[in-house]
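1. Got a sequence here, can you build the structure:
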Amino acid sequence: MSKDNQRISAALVGTWRLQSFTGTDESGETIAVMGAGATGFICYSDDGWVSVQIACANRPRYDIPDTAGGSDEQTLAAARGTFAYAGRFVTDEDAGIVYHELEFSLIPNWIGSRQKRYVEFRDAGTLVLTADPVRIGADGKRRRTELVWVR
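-> Have a look, this model is predicted:
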């Protein structure tokens with residue numbers, strides 16, 4: 001790892017709590033991608049691993065509090081209301097980018113992918129990760145996503 005990569009990596013290391021997850025389409029309309037009140041964490045380790053978990057607020061509870069205790073509808077709602085992945089991360093200091101190289105993902109198609117995120121530190125306690133436009137949201141519009149994380 002180069003000295004430049006170590007600077008972004010060092011600033012990323014730790015656990016961050018989700019403050020907001022928005023997507024903005026080409027017309028400038030912004031939505032809360034996982035609804036108001038979504039919660040989550042992103043954790044960067046000093047040995048190069050990243051883990052992300054995000055959940056919609058107020059997901060329906062299972063009838064029986066067990067991994068297999070939900071009805072088909074509850075299980076589907078739980079999966080659709082959750083976003084999670086993990087893998088290695090590498091940084092490009094000059095470009096202000098972190099790449100998440102996924103080894104695990106709730107979305108099976110993302111396993112083995114490299115997710116590019118633009119990094120901005122608004123202050124010592126606020127991390128903003130943005131991505132190039134993707135189809136996201138119930139209407140399938142292409143949106144540039146922005147996730148704001150705080151310590």
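
2. in this protein, which residue is closest to the centre?
-> Val52 (5.4 Å; Cα atoms, centre = their mean).

3. if I pick the nearest residue to that one once chain neighbours are set aside, what's in contact with it?
-> Among residues not flanking Val52 along the chain, Ile42 sits closest, at 4.8 Å (Cβ to Cβ, 6 or more residues apart in numbering). (Each C-beta comes from the backbone N, C-alpha and C, glycine too.) Shown in contact with Ile42 (Cβ atoms under 8 Å, 6 or more residues apart in numbering): 15-16, 18, 50-52, 127, 129, 147, 149.

4. Throw the residues you listed into JSON lines and include secondary structure, thanks.
-> Shown next, in JSON lines, are the contacts of Ile42 (DSSP: H, G, I helix; E, B strand; the rest coil):
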{"residue": "Thr15", "secondary structure": "strand"}
{"residue": "Trp16", "secondary structure": "strand"}
{"residue": "Leu18", "secondary structure": "strand"}
{"residue": "Val50", "secondary structure": "strand"}
{"residue": "Ser51", "secondary structure": "strand"}
{"residue": "Val52", "secondary structure": "strand"}
{"residue": "Leu127", "secondary structure": "strand"}
{"residue": "Leu129", "secondary structure": "strand"}
{"residue": "Leu147", "secondary structure": "strand"}
{"residue": "Trp149", "secondary structure": "strand"}
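
5. need the helix or strand of the chain with the lowest average pLDDT.
-> Lowest on mean pLDDT, DSSP states H and E among the helices and strands of the chain sits helix 3-12, with a mean of 75.
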